[in-house]
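J.: here is the input, now give the coordinates:
(chains A, B and C)
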Amino acid sequence: MATAVTLAEVIAALGGDLHGEANTRIERIGTLLGADALTLCFLANPRYQAQLTSTAAACVIVAPALADAAAARGAAIVTPDPYLYFARLTQWWARRVRSRAAPRIHPSAVIDASARLDADVDVGALAVIEADVRVGAGAIIGAHCVIERGAVIGAGTRLAAHVTLGFDCSLGERCIVHAGVVIGADGFGFAPHAGRWEKIEQLGAVRIGNDVEIGANTCIDRGALDDTVLADGVKLDNLIQIAHNVRIGEHSAIAGCTAIAGSTTIGAHCTIAGAANIVGHLTIADHVHVSAATLISRSIHKPGLYSGVFPFDDNASWEKNAATLRNLYSLRQRVLALEKKNSS
Amino acid sequence: MATAVTLAEVIAALGGDLHGEANTRIERIGTLLGADALTLCFLANPRYQAQLTSTAAACVIVAPALADAAAARGAAIVTPDPYLYFARLTQWWARRVRSRAAPRIHPSAVIDASARLDADVDVGALAVIEADVRVGAGAIIGAHCVIERGAVIGAGTRLAAHVTLGFDCSLGERCIVHAGVVIGADGFGFAPHAGRWEKIEQLGAVRIGNDVEIGANTCIDRGALDDTVLADGVKLDNLIQIAHNVRIGEHSAIAGCTAIAGSTTIGAHCTIAGAANIVGHLTIADHVHVSAATLISRSIHKPGLYSGVFPFDDNASWEKNAATLRNLYSLRQRVLALEKKNSS
Amino acid sequence: MATAVTLAEVIAALGGDLHGEANTRIERIGTLLGADALTLCFLANPRYQAQLTSTAAACVIVAPALADAAAARGAAIVTPDPYLYFARLTQWWARRVRSRAAPRIHPSAVIDASARLDADVDVGALAVIEADVRVGAGAIIGAHCVIERGAVIGAGTRLAAHVTLGFDCSLGERCIVHAGVVIGADGFGFAPHAGRWEKIEQLGAVRIGNDVEIGANTCIDRGALDDTVLADGVKLDNLIQIAHNVRIGEHSAIAGCTAIAGSTTIGAHCTIAGAANIVGHLTIADHVHVSAATLISRSIHKPGLYSGVFPFDDNASWEKNAATLRNLYSLRQRVLALEKKNSS
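T.: The predicted structure is shown next:
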């Protein structure tokens, strides 16, 4: 899919100081280890500096501190933040190589007459857009999406295939929603009554800000009374569960398979690693970071990194330690008894 | 979406003792904290009693014990179980404000001539209904659902968009199935052979009782030989995995991201919190409650609450404790040695 | 759905030594416990040998060691590996009872003129096949699948309903992909910049080998630069997250709700139990087995079984032990102090 460029074109588009031949030909972006003489690479983590000497890359994007080392082996682009430069390079590259057809409404789409689509909206094959939906300019609705009545999609937002956007829910501008995402299913709410569960209809919706990305098959439930809210810049990975009335602050990022239970509020600029679990009705401060597979069972009021995982081991060692753990409290009592005896 | 009602209308529909003006106008149901003078609220948890004095709500639903306190600040509806009253209020409200069009078969749906749809069935845009399917009266099949051959859907059951109901599987009456649910995919069964896996075709189906609710993107696999069975009143949240041949008893409720492995039987009236995991071939008694993120690795024969999670901490504290945990067994041996020494 | 066969027909199709009447009639395959006089069963696990004497089965498939015991109670098929025999029996049975119509392209499918479909491809209702897709002979594309531009599907591969196969991704031959699977969504990659996240476009794809099975609603992300790769014979259960640039070796099997984070390489012939979690950038050797709900946080270079789960208990016991665990390091220090005192 690649079309060749020169380093001069890269620099013209993205800036940076070029050390080396401006007409060096680049056919792909790649890793240092897998690079060939047509590959443009980046080195952001000093841990991988050793790869600099061995790579066959045409050019390496580096920070000023590594400019000399990089230039010694071939072409280099020097920039204060190579990882950021790399991110922008991938965006520029994707726009080049992923040709996009002119926006069109696929004739097989089922669009209610009352839906309002702004200019240059692209609607994929067999998408369903119900009554009173509004779609902003340049938005892309993927094949097989279902946009329920009254939903709102901001300008420039892209929905992949098979997305469900529930009635009255809204997505901001420039969001990316991957395949299979469900926004606006009912929150899990029931009142117990005589051994059965009486359904609490979920009367709220989901409101999602601008520049939010939502991974494949992730679910965001509508609120019970108020709305479930994701602020601008939130990034969610795949297979995440966001329960009703959760609120997530600006630019927080959550990795795959994490579950956030109902009515919990997560601050801004948090990162939550994969398969973590945050129970309901908690408040998590800004700039909190949660380790993978950790259960957060109390509110966190102080920024920092929080963890809680049983360290894995070979099974035999684990079994011995785990068995002892089941008697840990009594072990502590035994130590206490020894201490008393020894101090007397 | 709200249309105003008076408290008199609420009482007429749902009962309760009204303290205050019967013609008080209500435009929304809301929380005590967010209420304004047009909001109807409830107070079920005594923990939130302090909010009673500060709320601006038009009326608060309370238990008899709080009748005086509630009436002192404004209108009140007194009822033995405010949370149950609230649940029924949301149902009544949803019927009022969510206008529903008359049932119809969307012309874009693909329905096999041999499918039998009873009266007043609603089939959404682009739904697929295969051969020999039966759908009970008043059922709603959402847009883009796929109902495979021979499947059965009971009267009054509602399927949201993008639901897959596998061949020969059945759903009872009045069920609610949210978007993206997959019922009847193959169970995960293979016989090892010469370093490879030989597929065990899954010859059973899935049978689901009445009044079952299934959350978005949840998966319920078909049985290997016998069926996978969910009894009446079971409630499943989003992104849950129910493996082949699992059986879940009446009115058990399971929160999001939980996984139940193959051939495990769960009793009636159990509750399983989010992200829990129950391994295969176990038997869990009635009235068992499992805490969030807990792995259940043995059968449970006694009702009660069961937990097993590493308590989270700031990362530095966790690291020190976790490192020690990996030597817990030897620590116990050291205590034993001290005890021997001290007793000699 | 069953059609009767005789044991003679079973033996003719699948081999094995028959003890008993060749014209014994079989109407179903079932478990020993649920069997009646028309049921064919298997006994692979000696733990269930007691069921041999009580079962009403028409015939039991057993290993040579149990031939006499089985024959003493009725017909038996003796074979070196009864579980493997059973697996093949289910395959033969499924081919018999699940009548399949002749392959056809459903007229409602939306297929780009540039897509190339080989002989005997079956395309379900409302499936979407975009430009430049190639589909091998005998493949089955389920209803409502979306096959994006440039994707490749090998001969004999079957996709259930609602599968998304992303652009430029490839599936090998004889694969089975269950409903709701998303292959080729963007990996979760962002560069932090000034408190925001800059998207790293994911320029790789997903390459999947032959004989791979993928469970319902599982997600496999496309690579950032290189591809995400599943080797031949890999088996994935439901609701699994495979992040970008993960590589999984031949014939490894992963149970439901497991998450594999980015750039991790998993060897061949591994098994990973349900709800496990493997962090990113690790290398896991061949023949490694991971217990349920275990977090793998470091590379594993030695075959074996690895575990790391807090053993569950009744809540009161767990609470006491968990509280002590939060002071485990200081408990160790206290033991150390006692040891010093006692040795002096």
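
J.: now the residue of chain A found nearest chain C. Nearest residue, chain neighbours left out?
T.: Per C-beta to the nearest C-beta, A:Phe312 is where chain A lies closest to chain C, at 3.0 Å. Every residue, glycine included, has its C-beta placed from N, CA and C. Sequence neighbours aside, C:Gly308 is the residue nearest to A:Phe312 in space, at 3.0 Å (criterion: C-beta to C-beta, 6 or more residues apart in numbering or on different chains).

J.: enumerate the residues of the stretch 51-200 of chain A near chain C.
T.: By C-beta under 8 Å from any C-beta of the partner chain, the residues of the stretch 51-200 of chain A that approach chain C are A:81, A:83-84, A:86-88, A:90-91, A:93-94, A:97, A:106, A:108, A:124-126, A:142-144, A:160-162, A:176, A:178-180.

J.: now with 7 Å?
T.: A:83-84, A:86-88, A:90-91, A:93-94, A:108, A:125-126, A:143-144, A:160-162, A:178-180 (C-beta under 7 Å from any C-beta of the partner chain).

J.: hmm, who's touching the helix or strand containing A:His289?
T.: Applying DSSP states H and E as the criterion places A:His289 in strand A:288-290. Among residues not part of strand A:288-290, those counted as contacts by C-beta atoms under 7 Å, 6 or more residues apart in numbering or on different chains are A:267, A:270-273, A:276, A:296, A:300, A:303-306.

J.: may I see the PyMOL selection of the buried members of these?
T.: In PyMOL syntax, the buried subset of the contacts of strand A:288-290 is picked out as below (16 or more other C-beta atoms under 10 Å in any protein chain shown):
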select buried, chain A and resi 267+270+271+272+273+276+296+300+305+306
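
J.: B:Asp36: which of the contacts of strand A:288-290 is nearest?
T.: Using C-beta to C-beta, A:Gly267 comes nearest to B:Asp36 of those, at 26.9 Å.

J.: circling back to that earlier point, within reach of chain B, which of the contacts of strand A:288-290 are there?
T.: Residues of the contacts of strand A:288-290 in contact with chain B (C-beta under 7 Å from any C-beta): A:296, A:304-306.

J.: one step back: helix or strand right after the strand holding A:His289?
T.: strand A:295-296.

J.: right, and the helix or strand after that next one?
T.: Sequence order places strand A:304-307 as the next helix or strand after strand A:295-296, per DSSP H and E.

J.: so that next one, near chain C or not?
T.: No. Strand A:304-307 does not reach chain C (C-beta under 7 Å from any C-beta); its nearest approach is 10.0 Å.

J.: residues contacting that strand, please?
T.: Against strand A:304-307 from outside (C-beta under 7 Å, 6+ apart): A:288-291, A:294, A:296, A:300, B:312-315, B:318.

J.: let's have the residues you listed in CSV, adding pLDDT.
T.: Output for those, formatted as CSV (pLDDT from 0 to 100):
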residue, pLDDT
A:Val288, 98
A:His289, 98
A:Val290, 98
A:Ser291, 98
A:Thr294, 98
A:Ile296, 98
A:Ile300, 98
B:Phe312, 97
B:Asp313, 97
B:Asp314, 98
B:Asn315, 98
B:Trp318, 97
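
J.: with respect to C:Thr228, which of these is nearest?
T.: Nearest to C:Thr228 among the contacts of strand A:304-307, with distances taken as C-beta to C-beta, is A:Ser291, at 24.0 Å.

J.: ok, now which ones touch the closest one?
T.: A:273, A:305-307, A:309, B:315 are the contacts of A:Ser291 under C-beta under 7 Å, 6+ apart.

J.: would you point out the most distant pair within the residues you listed?
T.: A:Leu305 and A:Val309 (12.6 Å).

J.: next up, the contacts around the closest residue to A:Ile176 other than its chain neighbours.
T.: Among residues not flanking A:Ile176 along the chain, A:Glu213 sits closest, at 4.5 Å (C-beta to C-beta, 6+ apart). Applying C-beta under 7 Å, 6+ apart, one finds that A:Glu213 lies in contact with A:175-176, A:235-236.

J.: restricting to C-alpha, output the strand or helix carrying A:Leu89 in CSV.
T.: For A:Leu89, the enclosing helix or strand under DSSP H and E is helix A:82-97. This file holds the C-alpha atoms of helix A:82-97, laid out as CSV (Å, rounded to 0.1, in the frame of the first residue of the first chain):
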residue,chain,number,x,y,z
PRO,A,82,10.5,11.6,18.8
TYR,A,83,7.4,9.6,20.0
LEU,A,84,5.1,12.6,19.3
TYR,A,85,6.8,13.1,15.9
PHE,A,86,6.2,9.4,15.2
ALA,A,87,2.5,9.7,16.1
ARG,A,88,2.1,12.6,13.7
LEU,A,89,4.1,10.8,11.1
THR,A,90,1.7,7.8,11.3
GLN,A,91,-1.2,10.2,10.8
TRP,A,92,0.3,11.9,7.8
TRP,A,93,1.2,8.5,6.4
ALA,A,94,-2.3,7.1,6.9
ARG,A,95,-3.8,10.0,5.1
ARG,A,96,-1.4,9.4,2.2
VAL,A,97,-1.8,5.6,1.8
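
J.: around the residue nearest to A:Phe312, how many other residues sit close by?
T.: C:Gly308 has 27 neighbouring residues, counting by other C-beta atoms under 10 Å in any protein chain shown.

J.: nearest to chain B among the contacts of A:Glu213?
T.: Taking C-beta to the nearest C-beta as the measure, chain B lies nearest A:Leu236 of the contacts of A:Glu213, at 12.7 Å.
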